[in-house]
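# sequence unknown, structure follows:
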């Protein structure tokens with residue numbers, strides 16, 4: 001082998017080693033990236049994670065609204081040898097939605113925050129929206145647990161908002177109905193008393 005051929009071979013080997021290093025460098029950097037333990041979307045400072053499956057084309061949910069919804073609630077149940085399985089602890093049936101007044105503490109804090117929103121980190125839901133939730137234990141049933149839910153258990157939900165009504169409107173309707181019933185009863189008693197006292201019915 002001539003000196004020129006030896007120099008050429010050395011240069012080719014050096015160039016090949018640069019190509020291999022350039023190809024492997026991005027992979028080495030990628031392995032140093034922190035992997036998120038959440039499979040859902042953004043995680044708020046309070047630990048609640050959500051993912052909007054359907055945004056919904058209805059109006060935005062406001063605190064005090066009475067919402068009608070379907071949901072499935074589950075948690076990761078510990079098994080043998082460190083295994084886990086998805087355990088459904090509660091769900092609604094088709095045609096039988098769950099309804100409640102949101103944002104007033106009638107449900108676990110995680111639901112109120114997930115539906116009404118949390119500061120600038122979690123947007124409120126819209127009517128027609130479907131949202132998956134991962135609620136930390138501190139925003140669910142905490143250290144006490146509830147029913148089949150063990151203490152200090154994070155909960156998973158899939159929540160669909162069917163409709164929402166202004167609580168002020170519902171309250172006004174209920175009040176008007178109640179007032180009408182009271183006024184009707186009072187008028188009836190006055191009518192009877194007037195006729196009895198006046199002798200129209202021949203009682204006195």
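It's in. None of these values were measured; they are calculated from a predicted model.
# C-alpha from now on. contacts and neighbour counts both.
Noted.
# Please list all residues in contact with residue 57.
By C-alpha atoms under 8 Å, 6 or more residues apart in numbering, residue 57 lies in contact with 126-129.
# run the last query once more with 7 Å
Applying C-alpha atoms under 7 Å, 6 or more residues apart in numbering to residue 57 gives the contacts 126-128.
# Just the buried ones from those residues, in PyMOL syntax?
Under the burial definition 16 or more other C-alpha atoms under 10 Å, those of these that qualify are selected in PyMOL by:
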select buried, resi 126+127+128
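# For residue 166, give its distance to residue 181.
Separation of residue 166 from residue 181 (C-alpha to C-alpha, to the nearest Å): 23 Å.
# Name the single longest strand found in the protein.
As assigned by DSSP state E, the longest strand anywhere in the chain is strand 66-78.
# And the strands in this protein, which stretches?
For the chain, the strands defined by DSSP E occupy 49-54, 66-78, 84-91, 98-101, 130-135, 155-165.
# Point out the most buried one among these.
Among those, ranked by average contacts under mean count of other C-alpha atoms under 10 Å, first place goes to strand 130-135 (a mean of 23).
# tell me the mean pLDDT over that strand?
Strand 130-135 shows a mean pLDDT of 96.
# which helices and strands does that strand pack with?
strand 49-54, strand 155-165 (3 or more C-alpha pairs under 7 Å, 6 or more residues apart in numbering; DSSP states H and E).
# What pairs with the longest one, parallel or antiparallel?
Strand 155-165 has the following strand partners under DSSP bridges: strand 66-78 (antiparallel), strand 130-135 (antiparallel).
# between that strand and strand 84-91, how many degrees?
Computed by axes from the mean of the first three to the mean of the last three C-alpha atoms, to 10 degrees, the angle separating strand 155-165 from strand 84-91 equals 30 degrees.
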